[in-house]
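Chemist: Take this sequence and fold it.
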Amino acid sequence: MKALWNGKTLAESDDTVVVEGNHYFPEDAIKKEYFKPSTTHTHDPWRGEASYYTLEVDGKRNPDAAWYYPTPLDTVKEVKGRVAFWKGVTVEG
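Modeler: From the prediction side, this is the model:
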């Protein structure tokens, strides 16, 4: 699987976990130079608290377009250490 945005591959892995249609990539599969920490956090009663990254590729920003669960609840513990995408990021494989 690959995550693509603005003409660049953001992440690539044969080891994604799919939860509710979203592919979660291992942290070591993301290209960290495109990821900037965000101060945004959201809470989901089923998954826990999500943290976000803003993507920056060739001078373009996509705020909060990647998310992860630092301490996911037991219902989705398989996403710990993984990153998922939305907001125009294409995931294909």
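Chemist: Quickly note the distance from the residue of the chain most remote from its centre to Lys31.
Modeler: Most distant residue from the mean C-alpha position of the chain: Gly59, 19.7 Å away (Cα atoms, centre = their mean). Per Cβ to Cβ, to the nearest Å, Gly59 is found 16 Å from Lys31. The way it works is simple: take the backbone N, C-alpha and C, and place the C-beta from them, glycine included.
Chemist: Over to Lys60?
Modeler: Lys60 is 15 Å from Lys31, by Cβ to Cβ.
Chemist: How confident was the prediction at the residue farthest from the centre of the chain?
Modeler: On pLDDT, Gly59 comes in at 96.
Chemist: Repeat that for Thr90.
Modeler: 98.
Chemist: Which residues are in contact with Gly87?
Modeler: Rather than Gly, residue 87 is Lys. 62-65 (Cβ atoms under 8 Å, 6 or more residues apart in numbering).
Chemist: on that earlier part again, the residue farthest from the centre of the chain: what's it in contact with?
Modeler: If you count contacts by Cβ under 8 Å, 6+ apart, Gly59 has none.
Chemist: measure stretch 7-20 end to end?
Modeler: Stretch 7-20 has an end-to-end distance of 26 Å (Cα to Cα, to the nearest Å).
Chemist: How about stretch 53-68?
Modeler: Note: stretch 53-68 ends 8 Å apart using Cα to Cα.
Chemist: Repeat that for stretch 51-67.
Modeler: 6 Å.
Chemist: buried stuff in it?
Modeler: 51-55, 57, 62, 64-67 (16 or more other Cβ atoms under 10 Å).
Chemist: Take the contacts of Lys87 and lay them out in a markdown table including pLDDT and secondary structure.
Modeler: Putting these into a markdown table (pLDDT from 0 to 100; DSSP: H, G, I helix; E, B strand; the rest coil) gives the following:
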| residue | pLDDT | secondary structure |
| --- | --- | --- |
| Asn62 | 98 | strand |
| Pro63 | 98 | strand |
| Asp64 | 98 | strand |
| Ala65 | 98 | strand |
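Chemist: Fine by me, thanks again.
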